[in-house]
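Undergrad: Here is a sequence with its predicted model. Questions after.
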Amino acid sequence: MPKETIIFDNYDVSEVYEEAKAGLINRHLEDHPDDKDFVPQEQKIWEECDEIMSFSYEEAMSKLEEAFSNVDALLIYGTVERWNETLAVSAVYKNFKDLFYAATQDCDYFKISDIGGHLYLTCSHHDGTNRFEVKTITKAGYNYYSNWEDGSRNSSRFRVMESLRKNYTRLPRVTKE
């Protein structure tokens, strides 16, 4: 079974709680070496958790934007859960940033992972959890999609997206593991 590499995950912020608490204690002891009984306030620990997650998020987004900087387009496809149904969706984006913001709109929690070269994005909102895979579109696929988008719409959007997914994409292999 391929190894899962987590690129970013904010589903359980408490995972960084001990790291945040230790960081606050260490910084306090640098300024007050005799105060060995210092215990940070709970609110300060959670603020530090937020800082750690913000830094991790920025680092992950920077790496992903760099990883996709030389591709013509990206395909995202998967499912969107709503309160009354689950929908199959797919879309094409020119860059990872736009793709990510569209996919995670209204979501509070998300996880980006690479499993055997497949890039997965899971994100949750008040109605459910969306699950996507992201692939790079080949030059031939980009031309195929551009021609369809520019007017040769002999095929349905569904058929074009399926053709892209099956015939004109590559695994992004973001983590190279």
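TA: Here it is on my side, so go on.

Undergrad: Count the neighbours of residue 107 for me.
TA: Other residues within reach of residue 107, judged by other C-beta atoms under 10 Å, total 15. Using the backbone N, CA and C atoms, a C-beta is placed for each residue, glycine as well.

Undergrad: try residue 15
TA: Residues near residue 15, counting by other C-beta under 10 Å: 13.

Undergrad: Pretty sure it sits in a helix.
TA: Yes: with DSSP: H, G, I helix; E, B strand; the rest coil as the criterion, residue 15 is part of a helix.

Undergrad: For residue 114, see how far away it is.
TA: 19 Å (C-beta to C-beta, to the nearest Å).

Undergrad: who's in contact with the most centrally placed residue in the chain?
TA: Nearest to the mean C-alpha position of the chain, counting by C-alpha atoms, centre = their mean, stands residue 112 at 3.9 Å. Applying C-beta atoms under 8 Å, 6 or more residues apart in numbering to residue 112 gives the contacts 6-9, 60, 64, 119-121.

Undergrad: measure it to residue 4 for me?
TA: 11 Å.

Undergrad: How about residue 175?
TA: 10 Å.

Undergrad: Name the residues contacting each of the two.
TA: Contact criterion C-beta under 8 Å, 6+ apart; residues shared by residue 175 and residue 4: residue 114.

Undergrad: Between those two, point out the one with more neighbours.
TA: residue 175 (17 against 14).

Undergrad: my read: that one touches residue 7, true?
TA: Yes: counting by C-beta atoms under 8 Å, residue 175 does reach residue 7; the two are 7.0 Å apart.

Undergrad: Give me the common contacts of the two.
TA: residue 114.

Undergrad: for this protein, what are the low-confidence residue spans?
TA: 152-153, 176-177 (pLDDT under 70).

Undergrad: Domain boundaries for it, per the record?
TA: Per automatic domain parsing, the structural domains of the chain span 9-66, 72-170.

Undergrad: so how far is the first one off the chain centroid?
TA: In this case it means domain 9-66. Here domain 9-66 is found 21 Å from its chain centre; the criterion is C-alpha atoms, centre = their mean, to the nearest Å.

Undergrad: can you give me the end-to-end distance of that domain?
TA: Its start and end residues considered, domain 9-66 measures 19 Å (C-alpha to C-alpha, to the nearest Å).

Undergrad: how about the strands of this structure, start to end?
TA: Assigned by DSSP state E, the chain shows strands spanning 4-9, 73-81, 86-93, 109-115, 118-125, 128-137, 169-170.

Undergrad: Tell me which of these lies nearest to residue 47.
TA: strand 109-115 (18.6 Å; C-beta to C-beta).

Undergrad: Given that closest one, what are its sheet partners and their directions?
TA: When pairs are called by DSSP bridges, strand 109-115 turns out to pair with strand 4-9 (antiparallel), strand 118-125 (antiparallel).
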